[in-house]
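Asks: When you get a sec, could you give me coordinates for this:
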Amino acid sequence: QAQLVESGGGLVQPGGSLRLSCAASGFRFERYAVGWFRQAPGKEREALACLSSSDGSTYYSDSVKDRFNISRDNAKNTAFLQMNSLESEDTAIYFCAARFYHCQGSYDYWGQGTQVTVSS
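Replies: Below you'll find the predicted structure:
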């Protein structure tokens with residue numbers, strides 16, 4: 001059974017950093033693109049970043065580029081989202097997701113999410 005489990009969320013002060021992890025199991029992780037999303041209360045889900053499995057291409061939303069970095073360790077079946085210079089507007093539930101090969105298109109698997117709160 002395919003599964004994604006996020007971890008690493010928590011409370012951080014503005015300007016701080018967090019690294020989220022996404023542990024995958026039950027499918028050939030190395031063949032799947034990994035994306036990170038977030039959803040804040042009362043807002044729609046927002047796509048943040050994606051890392052392709054085909055050629056290692058990365059994509060970032062304008063709201064997080066230059067602050068967030070997506071990476072993966074296929075040997076550990078884990079993806080990461082390094083988040084720097086966090087702002088209160090980054091407060092949300094963060095999800096990872098996986099889809100076969102490319103970043104474009106709908107995602108096959110989703111994690112349950114991890115809460116990130118940016119507050120002083």
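Asks: From here on, just use CA atoms for contacts and neighbour counts.
Replies: Will do.
Asks: Show me the shaky parts of this structure.
Replies: Across the chain, nothing is flagged by pLDDT under 70.
Asks: which residues sit in contact with the most centrally placed residue in the chain?
Replies: With distances taken as CA atoms, centre = their mean, residue 36 lies nearest the centre of the chain, 2.6 Å away. With contact taken as CA atoms under 8 Å, 6 or more residues apart in numbering, residue 36 is in contact with 47, 48, 49, 50, 81, 94, 95, 96, 97.
Asks: Just the CA atoms of stretch 54-67, as PDB, please.
Replies: Taking C-alpha atoms only, stretch 54-67 is exported to PDB below (Å, rounded to 0.1, in the frame of the first residue of the first chain):
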ATOM      1  CA  SER A  54      12.900  12.200 -15.000                       C
ATOM      2  CA  ASP A  55      15.600  14.700 -15.100                       C
ATOM      3  CA  GLY A  56      15.700  16.300 -11.700                       C
ATOM      4  CA  SER A  57      14.000  19.500 -12.800                       C
ATOM      5  CA  THR A  58      12.600  21.600 -10.100                       C
ATOM      6  CA  TYR A  59       9.700  24.000 -10.100                       C
ATOM      7  CA  TYR A  60       8.800  26.600  -7.500                       C
ATOM      8  CA  SER A  61       5.900  29.000  -6.900                       C
ATOM      9  CA  ASP A  62       6.700  32.600  -6.900                       C
ATOM     10  CA  SER A  63       5.600  32.800  -3.300                       C
ATOM     11  CA  VAL A  64       8.500  30.500  -2.100                       C
ATOM     12  CA  LYS A  65      11.200  30.600  -4.700                       C
ATOM     13  CA  ASP A  66      14.500  31.900  -3.300                       C
ATOM     14  CA  ARG A  67      13.300  30.800   0.200                       C
END
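Asks: Now that stretch: buried residues?
Replies: Under the neighbour-count criterion of 16 or more other CA atoms under 10 Å, stretch 54-67 has 58, 59, 60, 64 buried.
Asks: distance of the second one from residue 28?
Replies: Distance, residue 59 to residue 28, using CA to CA, to the nearest Å: 21 Å.
Asks: Kindly report the same for the third one.
Replies: Here the distance between residue 60 and residue 28 works out to 24 Å (CA to CA).
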